[in-house]
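> coords please:
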Amino acid sequence: MKTAIRLAAATAAIAALSACEPTGAPAGVGSEGGVPYGNYVVVGFGKEAVPTRDGYVRLGPGKIEGRGPCNTFTAVNTQTLPNIHVSTMNWTDIPCGHKGFEGRLFEALTQAQQAVWEGGVLKIIGPTYITLERTGG
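Now for the predicted structure:
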């Protein structure tokens, strides 16, 4: 009985972690306006470094999606990259201790105006800029 309970718990944990991964077109396939589609990790936010590396963004045609430390988000980009205009952004609302960073990240993404790919680094520019690096997927 204990084995069945452990197996069920492990399966539920894997499903929960999988739900946090960004979805959509295969990572790294294509680009738009000189900006590669794919998965990125947030390494800088404004003048701050992000040592925890727990914010992720995935760029795709007409969309920006990803996750913060606790919640996932999806956004519609009505512009062609490198321009950004988020018309709609939805996110989950799971309580967590990182709400300060996560809330600021989500707000900065909704106000983003441009993406710049240079030297292997992506910058999403708006009132607050976000610095990102490509991830393996």
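> Given the longest strand anywhere in the chain, what are its sheet partners and their directions?
Scanning the chain for the longest strand, with DSSP state E as the assignment, gives strand 38-45. With DSSP bridges as the test, strand 38-45 is paired with strand 48-49 (antiparallel), strand 56-60 (antiparallel), strand 130-134 (antiparallel).
> For A108, the count of nearby residues, please.
Neighbourhood size, A108 [other C-beta atoms under 10 Å]: 19. Backbone N, C-alpha and C define where each C-beta goes, glycine included.
> Show the contacting residues for the residue nearest to it when sequence neighbours are not counted.
Counting by C-beta to C-beta, 6 or more residues apart in numbering, A108 lies nearest to T128, which is 4.2 Å off, once chain neighbours are set aside. T128 sits next to 45-46, 104, 107-108, 111 when contact means C-beta atoms under 8 Å, 6 or more residues apart in numbering.
> Name the residues of the longest strand of the chain that come out as buried.
Residues of strand 38-45 classed as buried: 38-43, 45 (neighbour count, 16 or more other C-beta atoms under 10 Å).
> now these in JSON lines, with distance to R53 and pLDDT?
Listed next are the buried residues of strand 38-45 as JSON lines, based on distance: C-beta to C-beta, whole Å; pLDDT from 0 to 100:
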{"residue": "G38", "distance to R53": "16", "pLDDT": "96"}
{"residue": "N39", "distance to R53": "12", "pLDDT": "97"}
{"residue": "Y40", "distance to R53": "11", "pLDDT": "97"}
{"residue": "V41", "distance to R53": "5", "pLDDT": "97"}
{"residue": "V42", "distance to R53": "7", "pLDDT": "97"}
{"residue": "V43", "distance to R53": "7", "pLDDT": "96"}
{"residue": "F45", "distance to R53": "12", "pLDDT": "93"}
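> Out of these, which comes closest to G68?
V42 (8.6 Å; C-beta to C-beta).
> Test my guess that the closest one contacts Y56.
Yes: counting by C-beta atoms under 8 Å, V42 touches Y56, with 7.0 Å between them.
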